[in-house]
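K.L.:
Turn this into a model:
(chains A, B, C and D)
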Amino acid sequence: MAEQGVKDTPEQAQFRQQARAWLAENTPGEPPVRMPLTPLEIMTEDQLHYLQAWQKAAYDAGLIGCDYPVEVGGGGRANCQRIANEEMMAAGTPFLPNVIGLGMAAPTVFYHGQEELKRRLLPRLFSGEDIWCQGFSEPGAGSDLANVQTFAERKGDKWVINGHKVWTSLAHFAEWMILLLRTDKSVKHDGLSYFVVPIRPALGKGVTVRPLIKMTGETGFNEVIFEDLEVEDSYRLDELGKGWQVAMTTLLHERGAGDLVTPRSGGMQTRSAHITSARTLVALSRQTWRNGAPACEDPIIRDRMMQQVIREEGMAANQRRSRVTALQDHPMRLALQNKLLMSEIAQDTAAIAMEIEGAAASLYLADDAAPAGGQWPMSYMNSFGFTIAAGTSEVQRNILGERVLGMAKSK
Amino acid sequence: MAEQGVKDTPEQAQFRQQARAWLAENTPGEPPVRMPLTPLEIMTEDQLHYLQAWQKAAYDAGLIGCDYPVEVGGGGRANCQRIANEEMMAAGTPFLPNVIGLGMAAPTVFYHGQEELKRRLLPRLFSGEDIWCQGFSEPGAGSDLANVQTFAERKGDKWVINGHKVWTSLAHFAEWMILLLRTDKSVKHDGLSYFVVPIRPALGKGVTVRPLIKMTGETGFNEVIFEDLEVEDSYRLDELGKGWQVAMTTLLHERGAGDLVTPRSGGMQTRSAHITSARTLVALSRQTWRNGAPACEDPIIRDRMMQQVIREEGMAANQRRSRVTALQDHPMRLALQNKLLMSEIAQDTAAIAMEIEGAAASLYLADDAAPAGGQWPMSYMNSFGFTIAAGTSEVQRNILGERVLGMAKSK
Amino acid sequence: MAQPDDFGFGEEAALLKESARKLFSEHFSAGTLHALVAGDPDPNRAPQVQWDMELWQQMVDLGWTLLAVPEAQGGVGMPLVGVAGLVEEAGRAAFPCPLLSTLSASYILAAAGAGGEAALADIAGGATAALVISNEHGSWTGAETSVSGEGDSLQGTGYFVQDAGKVSHLLVCASAESGPALYWLPVDTDGVTVAQDAIVDLTRDQAHISFDGAAARRVCTDAASALSEAMPAIWTLYAADMVGAGEWQLQTTVEYVNQRQQFDKPLGFFQAVKHPLVNVMVMIDQAKSLVYNAACAVDCEVEKAARYAHMAQASASDMAAFASSRSVQMHGGIGFTWECYVHLFFKRQKHTEMLWGDAVWHRARLAELLIDNAA
Amino acid sequence: MAQPDDFGFGEEAALLKESARKLFSEHFSAGTLHALVAGDPDPNRAPQVQWDMELWQQMVDLGWTLLAVPEAQGGVGMPLVGVAGLVEEAGRAAFPCPLLSTLSASYILAAAGAGGEAALADIAGGATAALVISNEHGSWTGAETSVSGEGDSLQGTGYFVQDAGKVSHLLVCASAESGPALYWLPVDTDGVTVAQDAIVDLTRDQAHISFDGAAARRVCTDAASALSEAMPAIWTLYAADMVGAGEWQLQTTVEYVNQRQQFDKPLGFFQAVKHPLVNVMVMIDQAKSLVYNAACAVDCEVEKAARYAHMAQASASDMAAFASSRSVQMHGGIGFTWECYVHLFFKRQKHTEMLWGDAVWHRARLAELLIDNAA
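P.N.:
Numbers count the residues shown, from 1 in each chain, chains lettered A, B, ... in the order given. Have a look, this model is predicted:
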């Protein structure tokens, strides 16, 4: 319920003031079309264009890419992205649609790409004009990322790509893809290389994007099939065979544990995403009847709701503590817990909501009588996306045990 | 709360009647000295002699070793041990002190020992005149039984044993020990051999028994140190290097999954052991104050107690179902769960009892004000003996996953 | 009356269970189910009633709908343990049909005394029935019914009616002059409007049903006691359904993790996968044993039926929740897709888990029996 | 009043925490503790008060007992976040001493207004104190006290008094004419009988204390408000103690499983070992963050202090239970023995877990604040 930053440097303080002033003037009101709950669930062009326009405006105002050098389209500032994020969250702005570009592609291109490539790609990434997607997962790879089979065969100065990627959110809107490929079948980790690939122009010419349907019935992510797609060697990041190391940069930033803070907006999203917070559980329990009384009077429901309130507050307090050096023993210990906590708390919250709803949890979106519009059973199902994608909870626990507690690798 | 057998054969029915008649006459009343909660916690000679006398009487009445051949001191009956056990449990007899002998040593000697050895050892084992103990665990071995290091070196027709065994319950009273030894250091599993060893005569002459103290402060098990103890080769069970296979027979019977039903008495024990059952939780909750009312009115305490009641009833129902072939898919699926369930249910029950007691759970045995005489914190601590010894809960889950669900071995 | 050692689960019961499993495994795989019910993934889709009426007719012809009808009314009068075995298998196949509803109605009618006999004879003659006993909060104690009866005419709306789109008759609990009473009527009676709910579960249909002066036959004037007498059997059967579905979830997930390779090992090698699935198995076994335990009590020791049925339902509900969650998680990304059959059983289990009181509710009732009513 | 971003945990607090950790790690290892308190394993042993008074005197000399005494009464008046840091370290060492009790008494006395000043000055002058506020059921709301005060004379018995064998003074809640009041007296006053309890925890002492006309100074006539004002700070400190002990349990267990080989791998390789210990870490971190969160609220936003302190205690209690259970289980057989230090912290944690209300109790109070009192 509380989240606050450490004391601002003079540069940060000034920047914060500017940001706040601009946001006071320019934060959009209610969107003209219904917005999805997360950037990964953008389904229509209308939604996309509205959010792209917002990202462009925020970029032009200097709120995105603040800490990157000016030469690659950044703001050239020091530690200001966090300030921008805080102000955007507080202002209740829409979220930034190019979420994979900003969180994963940008730092990877920045640390591993050639100078020319950075200067060309990053400005349009920051502005949201080019949407990015990510091609890591494969039907046969799962949590074992190094098992990537999609193959790139050398052909002069080009590579010919064949294979099958899955869970590629935003691929149907994307201009560019970050792509982990196998360039050598004789070794596992060292046989991987990392590319950026312009997929939009290749649609129907070597690239097929097919929507996958989630267990909720929604679409929102895709499979991408490569058939003899030719890509220039200049789109390779870092050296041949170093794909695994480059991918680690991507994943580190995805987990919020990288050097570069990901631009994050989304106060508006946070407002609507409150649907899945413990506070909303309490509201739900007031409106729901259970054994002849409001569910909020049931001691067991109360206990479960308070558990969730405590876990959420604990997560916020973790973030606050992670900025107080004297209260930490290991630099990554709190940061690496974030994804695990967030996803499991959300899952349990949704499960408790269904318990509160009781028999009415059977009702889905199209039913007028569904409590909260049928969102909770949908949230519960979607929560498994969070505990599976981007490193399952099982993998997260491995990482924590191995990197923080120094235990032997489980694989 | 209910446990019943399948329909008796004519032989079983007749035997049951005899057993019941004898027990009606001969079941002892209140013991003259305070009895321990389990056979493994026998601490004094008084306790031991009383229980040995009972075992001898039961053996003489034909209630122990019923299904073993007459030649080795058994009853020569078919599937009658279960009947005897049911009747002894129902009659509320004392338990049988030679628990390791009956449950582990006897079937192992029977299946793997030479004829002469069986005839010599088993009658005195069944009668309880010879107490047995088990030498499997070592300080460095833990769950990895095949890592046994205690070494037996060949010397003519004898073996010279050096090493260190731990967790040897009853060693301070035992005449005989079943002993897993390394006879070959160059291979792991195939370097093990299995012996029966007369340890009592060797005390102070190659064998040292030292009591270990549990976290509760109680003694009750030991470490046993071998220094140049000489043992004859005729005490070896089965072939050299087959120790692992022989040990599997022991463990299978220990888990209640072997062919030979272990003689079990202990209705009296069951009565006193009720201290750790869910029913006693309810009684405790009636006598304990919590937030200005008896704890039994607290909805969360009620819910937790009912969970334990259900788990206990479920375990009894499992046992009942395990005898109905048409309601099982896999012959070992229920039997292999027993130890895991029993130990974890007992642990959780004791933890809930402490929760019910609240601040008074701080009080221990010597405190007059301690609820239930301070038994619950002691039971909670002792419960870790059950979840650790004889295959930790983690190992039990491996076994279930691998043997019943056919999953790949985790080690 | 003493309980038989083997739950009374004899040869006839074993035969029925075995033949049901065979029938479903031959004619109704999870793939068949998916093709039948999962054609339209749209989360905003309108409610639909999709089932295989031909296969269902075979089951009717086998006499499954009249298993719970007493012999005196032309039924089989099979003990509940046997019926539970059948329902476990139907749950394992998640076969969409009004079997459970019709059996449930039979138990209530049998508990209704002489007034129920004619309706039971209807079922023996091939009728199927749905229960209209819940109000808008999902309560079904009778006293809180949201339907009222005046003479032989019904008014009001009943909620959470299972299989309403598949049955010929309705068994309704409505408040009458002397308290809640039970009524019996064909579903196509004038003044009856069946409004399908848009539900998550694809393997069932659910409706709220409005009565506007619909003519019905009064079956019994003391609905509360008939319901409380019959509910233990109904809870036991819904628990059996969850147990069957849980077995499918376990078996399917174990097959997947044994075959799927990760880090050069089958997934099942990893204890983070193996141990939760062992826990699923342990929970299924507990629930299954308690189902037959409860069924046997209903058959032979009726004064303990309620307590054992609460145990079975509480155990099965917790299991259904956990087995569902793990079935998706352990399938990883693929388990999260519509094309993977796992979601069918996930949704069915979450539906059943909440339907007749969740685990906490059943434990609270059990506590009343064991703590408050005991000495 | 707004909360500072860093919990107000500044340099002074960091220095204190660091120096405490250093002091304990240099002078008071777990081995030292074991040698001090675990000499007699007999479960029937008579109660004993065993502590290192010399090392304790060093701490007194360092001014630790007067950290919570306001400057006006000659104390340090340190913010609670700083005090919590110290207590976390003392908990990590499980150092047997009356630090927590004396700090707790200070907060209650400070909340007692002018009447508490003289007693606070005693503490500033080196006095230590134990709280006699619980009745025989462990309730401490004041209204239910089992001690009564008439004028300046006390009668009755107080229970679950922590560190009673190590302090110079007692702070007693007793029912007086106008309701529960607070009294202050030296422990060696005539008419005071300290009866040590035989407890499981070896690192603490606990007593019930009888008063038979013992003379005492009345400190405040409204004990209930002083207690309710001070309890959030006290809960927060006991939670900090559990967090420190939890860190010891985690670190010690992780070291063991990283070094111990099984099946040719270190135990920590196995996910059945690794993942539970990760869960312990996650719980410790949640509790720890909530401790400083609550402490900061006590310091800066007192109207929210109770809610955040309930969160910290609930979180720490659950953690203490789980961390204790896993510390023994993951140590295997050796962890089950008296010679392994693990049992010392296990027993201390189980003791603290229940002392000032367990997790369920704190969540129930939190629910009252967030559900019943909120709009």
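K.L.:
Which residue ranges of the chain form strands?
P.N.:
Picking chain A for this. Across chain A, reading from the start of the chain, the strands by DSSP state E fall at A:132-135, A:151-155, A:158-165, A:176-182, A:192-198, A:207-212, A:221-232, A:236-237, A:289-290, A:293-294.
K.L.:
Actually, chain C is the one I wanted.
P.N.:
Going by DSSP E, chain C shows strands at C:129-132, C:147-150, C:153-162, C:169-176, C:179-186, C:192-196, C:206-215, C:217-220, C:261-262, C:265-266.
K.L.:
Buried deepest among the strands of chain A, which one?
P.N.:
When the strands of chain A are scored by mean count of other Cβ atoms under 10 Å in any protein chain shown, the highest mean neighbour count falls to strand A:132-135 (a mean of 27). All C-beta spots, glycine's among them, are computed from the backbone N, C-alpha and C.
K.L.:
avg pLDDT for that one?
P.N.:
For strand A:132-135, the per-residue pLDDT values average out at 94.
K.L.:
quick one: is it near chain C?
P.N.:
No. Under the criterion of Cβ under 8 Å from any Cβ of the partner chain, strand A:132-135 makes no contact with chain C; the nearest approach is 13.6 Å.
K.L.:
Which of the helices and strands in chain A ranks last by mean pLDDT?
P.N.:
Of all the helices and strands that make up chain A, helix A:267-273 has the lowest average by mean pLDDT, DSSP states H and E, namely a mean of 47.
K.L.:
roughly how far apart are A:Pro294 and chain C?
P.N.:
With distances defined as Cβ to the nearest Cβ, to the nearest Å, the gap from A:Pro294 to chain C amounts to 11 Å.
K.L.:
so what's the nearest residue to that residue once chain neighbours are set aside up against?
P.N.:
Counting by Cβ to Cβ, 6 or more residues apart in numbering or on different chains, the nearest residue to A:Pro294 once its immediate chain neighbours are dropped is A:Arg286, at 5.7 Å. By Cβ atoms under 8 Å, 6 or more residues apart in numbering or on different chains, the contact list for A:Arg286 reads A:Pro294, A:Ala295, A:Cys296.
K.L.:
Near A:Leu122, how many other residues are there?
P.N.:
Using other Cβ atoms under 10 Å in any protein chain shown as the criterion, A:Leu122 is surrounded by 24 other residues.
K.L.:
give the contact list for the closest residue to it other than its chain neighbours.
P.N.:
Once flanking residues are discounted, A:Leu122 sits nearest to A:Val72: 4.3 Å by Cβ to Cβ, 6+ apart. A:Val72 makes contact with A:Phe110, A:Lys118, A:Arg119, A:Leu122, A:Pro123, according to Cβ under 8 Å, 6+ apart.
K.L.:
And A:Val72, how far from chain B?
P.N.:
Separation of A:Val72 from chain B (Cβ to the nearest Cβ) stands at 48 Å.
K.L.:
For A:Ala326, give its distance to D:Gly82.
P.N.:
11 Å (Cβ to Cβ, to the nearest Å).
K.L.:
Need the overlap of contacts for those two.
P.N.:
Common neighbours of A:Ala326 and D:Gly82, counting by Cβ under 8 Å, 6+ apart, are D:Phe9, D:Ala13, D:Lys17.
K.L.:
Go through these and give me the one with the most neighbours.
P.N.:
D:Ala13 (26 neighbours).
K.L.:
got the contact list for that one?
P.N.:
Shown here is D:Ala13, whose contacts under the criterion Cβ under 8 Å, 6+ apart are A:Ala326, D:Met78, D:Pro79, D:Val81, D:Gly82, D:Gly85.
K.L.:
Out of the shared contacts of A:Ala326 and D:Gly82, which is nearest to chain A?
P.N.:
D:Phe9 (5.4 Å; Cβ to the nearest Cβ).
K.L.:
Quick check, pLDDT for that closest one.
P.N.:
The score at D:Phe9 is 96. That number is its pLDDT.
K.L.:
What of A:Ile42?
P.N.:
Per-residue confidence (pLDDT) for A:Ile42: 83.
K.L.:
Go ahead and confirm it touches A:Leu170.
P.N.:
Yes. Contact between A:Ile42 and A:Leu170 holds when scored by Cβ atoms under 8 Å: they sit 6.9 Å apart.
K.L.:
joint contacts of the two?
P.N.:
Counting by Cβ under 8 Å, 6+ apart, the residues touching both A:Ile42 and A:Leu170 are A:Pro97.
K.L.:
quick one: contacts for A:Tyr50?
P.N.:
For A:Tyr50, the residues meeting the contact criterion (Cβ under 8 Å, 6+ apart) are A:Pro31, A:Pro32, A:Val33, A:Met35, A:Pro94.
K.L.:
Mind giving me the PyMOL command for buried ones among these?
P.N.:
A single PyMOL command suffices to select whichever of the contacts of A:Tyr50 are buried according to 16 or more other Cβ atoms under 10 Å in any protein chain shown:
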select buried, chain A and resi 35+94
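K.L.:
which bits of the stretch 101-250 of chain C sit near chain A?
P.N.:
Near chain A, the residues belonging to the stretch 101-250 of chain C are C:134, C:136-139, C:144, C:159-160, C:197-201, C:206, C:208 when assessed by Cβ under 8 Å from any Cβ.
K.L.:
among the residues you listed, which one has the lowest pLDDT?
P.N.:
Of all those, the one the model is least sure of by pLDDT is C:Glu144, with 88.
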